[in-house]
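Visitor: only geometry, no sequence info:
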């Protein structure tokens with residue numbers, strides 16, 4: 001395929017080399033004459049192991065050429081890849097000037113182009129950029145989006161120092177767009193990869209890079225906080241972390257990455273608080289570990305504010321234990337919410353098929369007596385009556401019993417969902433806590 005790449009910095013230079021390695025004919029475009037001259041002389045614009053050899057080989061095979069002429073590049077290619085820089089502004093947002101400038105130039109060039117042109121955004125961009133760029137190109141060129149050109153969001157996942165390896169071995173290829181023709185073009189372009197293709201909503205394609213890198217930053221900072229604690233206790237931090245990451249069932253896995261309810265139970269709150277205590281006892285500052293509890297508490301406050309914002313007094317709570325299919329009430333966000341609502345004078349109805357007052361013993365019994373001493377007056381044993389009688393229903397848990405009885409929820413009931421129960425989403429007054 002004939003491909004134009006706009007921006008010959010890190011992503012652009014690596015992409016040009018790697019695509020040419022697969023036999024594609026590349027036109028690299030940059031406003032910086034020095035970068036253009038470097039590519040045309042068989043040299044890389046950045047330092048990356050093995051990259052210069054690939055650039056030289058591509059030039060030798062006449063598969064790579066660089067220019068400052070955007071119009072010429074657009075007219076001679078089927079796909080245009082935007083890889084220009086998007087540095088931070090003073091307010092933290094990304095500076096989109098380079099992306100917008102390239103889009104305008106592409107739009108001007110498209111006035112003279114007769115064939116369909118696919119533009120893919122590889123640069124890390126602010127949410128809404130795909131729509132913005134589509135509008136700009138359409139306005140400047142007079143061409144119709146998805147009929148004469150397409151803008152596809154296709155973020156990259158390259159690490160400096162490992163960029164070539166990452167290019168050829170990504171976790172997946174993300175494609176977001178509204179044009180089937182454009183999507184097919186990008187799928188074809190990356191067909192040499194064995195990684196799965198993820199066709200996603202454009203907004204998701206634009207956000208995934210932020211999520212990835214923020215989480216990577218969190219991992220680095222978390223590991224360093226663990227390291228400081230270990231140093232204070234004379235423990236080998238690397239051996240501890242090796243053991244930690246060896247658990248691929250929970251620690252390094254998809255578990256817990258589900259937006260919705262706050263965490264609770266007997267383990268997470270207790271052990272987090274203990275680790276913080278160990279750090280503080282040894283005069284070790286751990287801002288991330290300190291902030292986890294505050295973040296969790298804030299999430300519970302958000303739920304409370306949503307509930308009271310509607311002004312109703314009859315509130316139904318579905319699920320009392322900290323997690324579905326258990327009767328463990330320790331550190332349960334639901335119990336905390338019930339205690340807070342009752343304290344504010346709200347009339348509560350609580351339903352949890354797993355919580356039986358006659359069978360609750362030990363710590364759970366003590367906790368209930370302290371937090372909800374009159375729970376026997378609030379606990380409902382009939383799910384139908386529970387669903388019908390409340391003005392606001394808050395769903396902490398999902399269950400087969402609930403699904404079978406959703407029809408009993410009144411049409412005017414406010415429904416607040418923390419478990420992403422699909423069957424509830426069709427209700428008129430449905431609110432998802434994180435969606």
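Guide: It's in. Keep in mind that what you see is a predicted model, and the values were worked out from it rather than measured. Numbering: from 1, shown residues only.
Visitor: Low-confidence bits of the stretch 151-300 of the chain, can you list those?
Guide: Judged against pLDDT under 70, the stretch 151-300 of the chain has no low-scoring part.
Visitor: Tell me where it has helices.
Guide: 163-168, 180-189, 202-233, 237-246, 268-281, 287-308 (DSSP state H, counting those that start in this stretch).
Visitor: Against residue 289, how distant is residue 226?
Guide: As judged by Cβ to Cβ, to the nearest Å, residue 226 and residue 289 stand 9 Å apart. Any C-beta I mention is one placed from the backbone N, CA and C, and that applies to glycine too.
Visitor: Then residue 319?
Guide: Distance from residue 319 to residue 289, by Cβ to Cβ: 28 Å.
Visitor: cool, residue 409 as well?
Guide: For residue 409, the distance to residue 289 - Cβ to Cβ - is 40 Å.
Visitor: follow-up on the earlier one: compare residue 319 and residue 289 (neighbour count), which wins?
Guide: Taking neighbours as other Cβ atoms under 10 Å, residue 319 and residue 289 compare with residue 319 leading, 26 against 20.
Visitor: surely that one meets residue 352?
Guide: Yes - using Cβ atoms under 8 Å, residue 319 is in contact with residue 352, at 5.5 Å.
Visitor: How is this protein divided into domains?
Guide: The chain breaks down by automatic domain parsing into domains covering 2-200, 204-247, 297-432.
Visitor: so which of these gets nearest residue 282?
Guide: domain 204-247 (3.9 Å; Cβ to Cβ).
Visitor: Past the one helix or strand residue 26 maps to, which element shows up next along the chain?
Guide: For residue 26, the host element (DSSP states H and E) is strand 25-29. Of the helices and strands lying after strand 25-29 in sequence (DSSP H and E), the nearest is helix 33-40.
Visitor: what angle sits between the helix or strand that that following helix is followed by and strand 25-29?
Guide: Using DSSP H and E, the helix or strand that follows helix 33-40 towards the C-terminus is helix 51-60. Relative orientation of helix 51-60 versus strand 25-29 (axes from the mean of the first three to the mean of the last three Cα atoms, to 10 degrees): 110 degrees.
Visitor: Would you mind giving the orientation angle of helix 51-60 with respect to helix 33-40?
Guide: Using the same axes, to 10 degrees: helix 51-60 against helix 33-40 is 70 degrees.
Visitor: buried stuff in helix 51-60?
Guide: Applying a neighbour-count criterion of 16 or more other Cβ atoms under 10 Å, one finds 51-52, 54-56, 58-59 buried in helix 51-60.
Visitor: Stretch 197-208 too?
Guide: When burial is assessed from 16+ other Cβ under 10 Å, stretch 197-208 yields the following buried residues: 200, 202, 205-208.
Visitor: how much space is there between the closest residue to residue 300 other than its chain neighbours and residue 47?
Guide: Distances taken as Cβ to Cβ, 6 or more residues apart in numbering place residue 262 nearest to residue 300, at 5.0 Å, with adjacent residues excluded. Using Cβ to Cβ, residue 262 is found at 45 Å from residue 47.
Visitor: more crowded one of the two?
Guide: Ranked by neighbour count (other Cβ under 10 Å), residue 262 and residue 47 place residue 262 first, with 25 against 10.
Visitor: Spit out the contact partners of the more buried one.
Guide: 296-297, 299-300, 303, 333 (Cβ atoms under 8 Å, 6 or more residues apart in numbering).
Visitor: Mind checking which of these are buried?
Guide: Looks like the contacts of residue 262 have 296, 299-300, 303, 333 buried, using 16+ other Cβ under 10 Å.
Visitor: Can you name the two of those residues that sit furthest apart?
Guide: 296 and 303 (11.4 Å).
Visitor: re earlier: out of the contacts of residue 262, which one sits closest to residue 222?
Guide: residue 296 (15.8 Å).
Visitor: mind listing what the closest one touches?
Guide: 262-263.
Visitor: For residue 5, see how far away it is.
Guide: 44 Å.
Visitor: just the buried ones among the contacts of residue 262 now: which is nearest residue 370?
Guide: residue 333 (16.4 Å).
Visitor: Now do the phi/psi pair for the closest one.
Guide: phi -60, psi -30 (degrees, to the nearest 10).
Visitor: Ok, the one 10 residues further on next?
Guide: With angles defined as degrees, to the nearest 10, residue 343 shows backbone torsions of phi -60, psi -30.
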